[in-house]
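1. Based on what follows, work out the 3D shape:
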Amino acid sequence: MVRVGISVEGLTEERFIKILIDPYLSSKGIYVTPVSIDGSVSIDRIRHELKNLIHSFDYVSTFYDFYGFRRKDDGETKLTLEAKINESVKVDLRKKVIPYIQMYEFEGLLFSSPDAMASVLQGESLIDWANLILKEHSNNPEKINDSIETAPSKRLDKATNYRKTTHGPNIAKEIGLVRIREMCSGFNEWLSKLEEL
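-> Presented below is the predicted three-dimensional model:
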């Protein structure tokens, strides 16, 4: 049995972990517990959070949106942020940390299946709408983010009755991990690391 604490941005990500990730990984003897930091993600907050979590679990991971990360340096990337997360803990504990930043935000994962999105949000026209957005971004949900106004969650807010904490995890469940992993290579790499524990 392996116990993994996953520091998440908020309630949506917490529900996503509980509904989709935990049942999948627990079947492999890996038990995950999401712990929300309630938004405002920064290296300082993460350092404090990981310090509190690292001795309570065999491993600690993160699931934060790149988009929601506060006080990023100019030119900051997913890889540099993940490196900073790893460096925020003592050297001898770094082997217990699996940092992950979701590009560009959780809602990007929901574009993995326009059909599932349309089903949960009860809007058939969303299929064509979401497929067009995917086409504009090389059919890669993790590339959807042209600006603050057109981030995946903003697009959903404008085009649908999307309620983040309810619809987000429910759409993800409807899509399923297999499809999300096929469409989102960054997410797949992270989940693969957790599977190997």
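
2. Every contact and neighbour count from this point should use C-alpha atoms.
-> Noted.

3. show me where this structure has strands.
-> In the chain, the segments counted as strands under DSSP state E are 2-8, 30-36, 59-65, 97-98, 101-102.

4. Adjacent strands (with direction) for the first one?
-> If I follow you right, that is strand 2-8. In the sheet, strand 2-8 lines up against strand 30-36 (parallel), strand 59-65 (parallel) (DSSP bridges).

5. Quick one: closest of these to L11.
-> Closest of the strands paired with strand 2-8 to L11 is strand 30-36, at 6.7 Å (criterion: CA to CA).

6. P114 against A130, yeah?
-> Yes - taking contacts as CA atoms under 8 Å, P114 lies within contact range of A130: 5.5 Å.

7. Would you confirm that D65 contacts M103?
-> Yes - using CA under 8 Å, D65 and M103 qualify as a contacting pair, with a distance of 6.3 Å.

8. got the residue ranges for the helices in this protein?
-> Assignment of helices within the chain using DSSP state H yields the ranges 11-16, 22-26, 43-53, 78-87, 106-109, 114-121, 125-136, 152-159, 164-175, 177-183, 185-195.

9. From the contact counts, what lies against the first one?
-> Based on contacts counted as 3 or more CA pairs under 8 Å, 6 or more residues apart in numbering; DSSP states H and E, the elements that helix 11-16 packs against are strand 30-36, helix 164-175.

10. now these in TSV, with distance to A118 and mean neighbour count?
-> Shown next, in TSV, are the helices and strands packed on helix 11-16 (distance: least, CA to CA, whole Å; neighbours: other CA atoms under 10 Å):
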stretch	distance to A118	mean neighbour count
strand 30-36	27	20
helix 164-175	9	20
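
11. Select, out of those, the one closest to H55.
-> Comparing these by CA to CA, strand 30-36 comes nearest, at 13.7 Å.

12. what's the domain layout of this protein?
-> For the chain, automatic domain parsing gives the domain ranges 2-104+185-195, 106-183.

13. Any chance of the ones you listed in a markdown table with mean pLDDT as columns?
-> Below are the domains of the chain laid out as a markdown table (pLDDT from 0 to 100):
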| stretch | mean pLDDT |
| --- | --- |
| domain 2-104+185-195 | 95 |
| domain 106-183 | 95 |
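
14. Count residues in the vicinity of the closest residue to R94 other than its chain neighbours, would you?
-> Sequence neighbours aside, N86 is the residue nearest to R94 in space, at 6.1 Å (criterion: CA to CA, 6 or more residues apart in numbering). Residue neighbour count, defined by other CA atoms under 10 Å, stands at 23 for N86.
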